[in-house]
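Enquirer: Please find the sequence and the predicted model below.
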Amino acid sequence: METYDENESKFMRKAKENPFVPAGMAGFFAIVGYGLYKLKSRGNVKMSVHLIHMRVAAQGFVVGAMTIGVVYSMYRDYFLKPREQEKALKSN
């Protein structure tokens, strides 16, 4: 089990381990905020359709951020770590 600094919050630890999680959350809230801002000027579009479009956009951003985060973590685990291990073996 890893030890962490007691002053560091759980959210900050997770954000350092997976930097795309806070980016996904920020994008989600930005899209929801923009959708709520545009709620007044939606024109003839029904409220339910506007909310569905807003939900789909926010979910799409979060899924995209999660996908990029998984690809980044796979790259870090399967490409960078073996190279570091090879360098360590060659230097010995």
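Expert: Yep, it's here.
Enquirer: Which secondary structure elements does the stretch of helix or strand residue 71 belongs to sit against?
Expert: Per DSSP states H and E: residue 71 is located in helix 47-75. If you count contacts as 3 or more CB pairs under 8 Å, 6 or more residues apart in numbering; DSSP states H and E, helix 47-75 packs onto helix 20-37. Any C-beta I mention is one placed from the backbone N, CA and C, and that applies to glycine too.
Enquirer: Show me which residues of the helix it packs on are buried.
Expert: 20, 21, 23, 24, 27, 28, 31, 35 (16 or more other CB atoms under 10 Å).
Enquirer: could you give the angle of the helix holding residue 71 to helix 20-37?
Expert: Inter-element angle recorded for helix 47-75 and helix 20-37: 170 degrees (by axes from the mean of the first three to the mean of the last three CA atoms, to 10 degrees).
Enquirer: so how far is helix 47-75 from its chain's centroid?
Expert: Chain-centre distance of helix 47-75: 9 Å, with CA atoms, centre = their mean, to the nearest Å.
Enquirer: And it, what's buried?
Expert: In terms of neighbour count (16+ other CB under 10 Å), helix 47-75 has its buried residues at 50, 54, 57, 58, 61, 62, 65, 69.
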